[in-house]
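Undergrad: No letters, just coordinates:
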């Protein structure tokens with residue numbers, strides 16, 4: 001059994017870090033922009049590649065950190081609650097469909113609007129960045145926000161796990177879809193990624209760790225998992241901060257050294273609009289299905305928050321020749337937490 005005093009300290013530390021986590025993530029991006037050396041070194045640590053279902057599997061420290069985050073998410077999942085949630089398929093099915101088709105529709109509309117932009121290269125970078133955001137599973141962090149706002153935690157976990165497990169099907173749909181509204185090398189990269197690269201990556205670093213975490217949960221028992229909860233939260237926050245820092249070190253230094261303010265402002269406006277549309281979609285779907293307040297809260301956080309840590313790792317590997325595509329992902333990661341904070345305060349009132 002864990003020492004009660006050390007567990008109490010861990011709970012206090014986890015609570016403090018969680019409260020200020022958005023500022024910690026912001027600080028990690030500032031550090032990546034100004035002092036990228038350590039982040040680039042973290043990214044340079046690689047291991048011998050393996051084969052996964054016939055595809056070469058790139059193993060690096062960032063992919064291992066990503067797997068650890070997803071393992072912990074699976075470990076913390078209460079599978080009994082999720083099984084109960086599966087008995088209400090209409091809400092889950094609506095959330096899954098909206099998680100794919102609402103952002104895809106937004107990107108198609110944005111591609112038409114951005115035709116007036118003065119720099120076609122920047123348009124392609126924004127669209128590919130949006131594709132990476134939209135193609136990712138729902139973020140595990142959405143469950144923490146839902147829990148804090150007294151939402152339906154079972155619905156939150158079910159959305160996270162189902163979008164994660166179904167990502168080899170859902171992710172290529174979005175990537176191919178956006179591939180048809182992009183041009184040149186960017187379109188080719190998206191179609192290539194959708195045709196196989198994303199499957200091996202998601203299978204090895206997202207789905208497999210999640211399922212392994214769920215299996216360990218069932219073997220160890222819920223009591224042991226709950227006891228380890230504060231330590232897992234601290235580990236998650238440390239790993240997520242390092243992961244964001246190391247991935248951002250690829251693109252932010254150039255953005256700071258050679259700032260293109262209208263490009264950055266356009267990215268912020270577009271990803272902010274997408275984030276608002278997704279939170280609003282969660283609210284609208286819940287109202288249309290006459291869901292409870294708790295279900296509505298969970299649906300809003302679920303649709304509004306994507307697993308951008310996965311998107312950044314995937315972009316840094318598959319689209320390393322276009323580092324600017326990571327800027328929309330980085331911006332969305334910050335915007336979604338600020339939006340979640342605003343929604344949290346609104347529903348609490």
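TA: That came through fine. None of these values were measured; they are calculated from a predicted model.

Undergrad: What separation do you get for residue 250 and residue 40?
TA: Residue 250 sits 8 Å away from residue 40, going by C-beta to C-beta, to the nearest Å. The way it works is simple: take the backbone N, C-alpha and C, and place the C-beta from them, glycine included.

Undergrad: out of those two, which sits in the more crowded spot?
TA: When residue 250 and residue 40 are compared on other C-beta atoms under 10 Å, the one with more neighbours turns out to be residue 250, at 20 against 13.

Undergrad: tell me the phi and psi of that one?
TA: For residue 250, the backbone dihedrals (degrees, to the nearest 10) come out as phi -80, psi -40.

Undergrad: Contact partners for it?
TA: Under the criterion of C-beta atoms under 8 Å, 6 or more residues apart in numbering, the contact list for residue 250 reads 36, 39, 40, 43, 316, 320, 323, 326.

Undergrad: pLDDT at it, what is it?
TA: pLDDT, the model's per-residue confidence, is 85 for residue 250.

Undergrad: repeat for the one 3 residues further on
TA: Confidence per residue is given as pLDDT, and for residue 253 that number is 92.

Undergrad: what's the nearest residue to it if we skip its chain neighbours?
TA: Distance criterion C-beta to C-beta, 6 or more residues apart in numbering; nearest residue to residue 253, sequence neighbours excluded, is residue 36 at 4.8 Å.

Undergrad: Tell me how far that neighbour lies from residue 160.
TA: For residue 36, the distance to residue 160 equals 31 Å [C-beta to C-beta].

Undergrad: Who has more neighbours out of these two?
TA: Remark: of residue 36 and residue 160, residue 160 carries more neighbours, 27 against 21, as counted by other C-beta under 10 Å.

Undergrad: and residue 118, which of the three is it?
TA: Under DSSP: H, G, I helix; E, B strand; the rest coil, the three-state class of residue 118 is coil.

Undergrad: Could you measure from residue 340 over to residue 27?
TA: With distances defined as C-beta to C-beta, the gap from residue 340 to residue 27 amounts to 18 Å.

Undergrad: So which of those two has more stuff around it?
TA: The residue with the greater number of neighbours, taking residue 340 and residue 27 and applying other C-beta under 10 Å, is residue 340; the counts read 25 against 13.

Undergrad: which residues touch that one?
TA: Under the contact definition (C-beta under 8 Å, 6+ apart), the residues listed for residue 340 are 141, 142, 145, 301, 304, 305.

Undergrad: Now with 6 Å, please.
TA: Going by C-beta atoms under 6 Å, 6 or more residues apart in numbering, residue 340 touches residue 145.

Undergrad: How confident is the prediction for it, by pLDDT?
TA: The predicted local confidence for residue 340 comes out at a pLDDT of 88.

Undergrad: about what we covered before: so the residue nearest to residue 253 sits right up against residue 251, yeah?
TA: No. The pair formed by residue 36 and residue 251 falls short of the contact definition of C-beta atoms under 6 Å, at 9.5 Å.

Undergrad: Format the contacts of residue 250 as TSV; extra columns: pLDDT.
TA: Listed next are these as TSV, based on pLDDT from 0 to 100:
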residue	pLDDT
36	95
39	92
40	92
43	86
316	80
320	81
323	86
326	91
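
Undergrad: a markdown table please, covering these and showing distance to residue 19.
TA: Listed next are these as a markdown table, based on distance: C-beta to C-beta, whole Å:
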| residue | distance to residue 19 |
| --- | --- |
| 36 | 28 |
| 39 | 25 |
| 40 | 30 |
| 43 | 29 |
| 316 | 29 |
| 320 | 35 |
| 323 | 32 |
| 326 | 27 |
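
Undergrad: buried subset of these?
TA: By the neighbour-count criterion of 16 or more other C-beta atoms under 10 Å, the contacts of residue 250 include these buried positions: 36, 39, 43, 316, 323, 326.

Undergrad: thought the fourth one was touching residue 246?
TA: What that stands for is residue 316. No. The pair formed by residue 316 and residue 246 falls short of the contact definition of C-beta under 6 Å, at 8.4 Å.
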